[in-house]
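1. Sequence first, predicted coordinates after that:
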Amino acid sequence: MTKLSVNINKVATLRNARGGNVPDVLKVAVDCEEYGAEGITVHPRPDERHIRYNDVLQLRPLIRTEFNIEGNPEKKFMDLVLKVKPNQVTLVPDAHDAVTSNAGWDTGRHFSFLTEIIDELRNNGIRSSIFIGTDPRDIENAAKIGTDRIELYTEPYASQYPYDRETAVKPFLAAAQLAKRLGLGVNAGHDLSLNNLGFFHETIPWIEEVSIGHALVADALYLGLKKTIQAYKNCLK
């Protein structure tokens, strides 16, 4: 069964907007697990505008499922993940001023750099995943780099889904099939929602994990966190 990893960045954004500790990011993470999430994802950025580096340190002993940390593997980020040693690190090529992740890696251009990072993660017992698009060359290079998994950047799928879902999912199916043939695990994330997740999973049922934050937190405003997590899990059955 595909795992649901809840990205709690937006919860931290809400907390930071007012100061103080409401909502309590740590409690929300624990509650997500209690309500059925199989993982927690955080994406600390250098300006700490949502998840703070200290949040990550405090979350580590509380997480009982799977802890996934996303980010651009600069020195500060790598120092953090090597200290925390989460279950998985997802490498994302974010610029410092990026509002949200908006592209995958060019794995040919960054081949040597990513190889060094992946080797360091492996030597520390941390599973690696590279955030990536659907270009076959990038997937083939990812396999040569030695990553354990790729995470498919699904914003193009989500954008086209309302107009032609078959066309929208086609390149992602091809990418996931190629990755599977190459021995890579496949994760997915970005703009997946209750509207489009079920069809995506139905088409690519061997997806290992989906990481969902913005849409899930927005849905929780209407449905409540527990019902929202169950609704997303139902899309993955």
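-> Cool, got the structure.
2. can you pull out the strands in this protein?
-> All strands of the chain, identified by DSSP state E, fall at 3-7, 39-42, 66-71, 88-91, 127-132, 149-153, 185-189, 209-212.
3. With mean neighbour count, distance to residue 197 and mean pLDDT as extra columns, can I get the ones you listed in JSON lines?
-> C-betas here are computed from N, CA, C, even on glycine. Formatted as JSON lines, the strands of the chain follow (neighbours: other Cβ atoms under 10 Å; distance: least, Cβ to Cβ, whole Å; pLDDT from 0 to 100):
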{"stretch": "strand 3-7", "mean neighbour count": "25", "distance to residue 197": "9", "mean pLDDT": "98"}
{"stretch": "strand 39-42", "mean neighbour count": "26", "distance to residue 197": "15", "mean pLDDT": "98"}
{"stretch": "strand 66-71", "mean neighbour count": "24", "distance to residue 197": "17", "mean pLDDT": "97"}
{"stretch": "strand 88-91", "mean neighbour count": "27", "distance to residue 197": "18", "mean pLDDT": "98"}
{"stretch": "strand 127-132", "mean neighbour count": "25", "distance to residue 197": "18", "mean pLDDT": "98"}
{"stretch": "strand 149-153", "mean neighbour count": "26", "distance to residue 197": "13", "mean pLDDT": "98"}
{"stretch": "strand 185-189", "mean neighbour count": "24", "distance to residue 197": "9", "mean pLDDT": "98"}
{"stretch": "strand 209-212", "mean neighbour count": "26", "distance to residue 197": "7", "mean pLDDT": "98"}
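4. need the contact list for residue 37.
-> Neighbour list for residue 37: 4-6, 65, 229, 233 [criterion: Cβ atoms under 8 Å, 6 or more residues apart in numbering].
5. ok, back up a step: wait, which of the strands of the chain is closest to residue 198?
-> Nearest to residue 198, of all the strands of the chain, is strand 209-212, at 11.2 Å by Cβ to Cβ.
6. Give the other helices and strands that the closest one contacts.
-> Packing partners of strand 209-212 (3 or more Cβ pairs under 8 Å, 6 or more residues apart in numbering; DSSP states H and E): strand 3-7, strand 39-42, strand 66-71, strand 185-189, helix 197-203.
7. can you pull the alpha-carbon coordinates of it into CSV?
-> In CSV, the C-alpha atoms belonging to strand 209-212 read as follows (Å, rounded to 0.1, in the frame of the first residue of the first chain):
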residue,chain,number,x,y,z
GLU,A,209,4.8,7.2,-0.9
VAL,A,210,3.1,10.4,-1.6
SER,A,211,4.0,13.6,0.3
ILE,A,212,1.1,16.0,0.6
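8. unless I'm mixing things up, residue 152 is touching residue 177, no?
-> No - between residue 152 and residue 177 there is no contact under Cβ atoms under 8 Å: 11.7 Å.
9. can I get the helices and strands packed on strand 209-212 in CSV with distance to residue 237?
-> Listed next are the helices and strands packed on strand 209-212 as CSV, based on distance: least, Cβ to Cβ, whole Å:
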stretch, distance to residue 237
strand 3-7, 11
strand 39-42, 17
strand 66-71, 19
strand 185-189, 16
helix 197-203, 8
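10. measure residue 222 to residue 69 for me?
-> Residue 222 is 29 Å from residue 69, where distance means Cβ to Cβ, to the nearest Å.
11. for the residue most central in space within the chain, what are its contacts?
-> Geometric centre of the chain, nearest residue: residue 211, 4.1 Å, by Cα atoms, centre = their mean. Each residue near residue 211 by Cβ under 8 Å, 6+ apart is listed here: 5, 7, 39, 41, 68, 70, 90, 151, 187-189.
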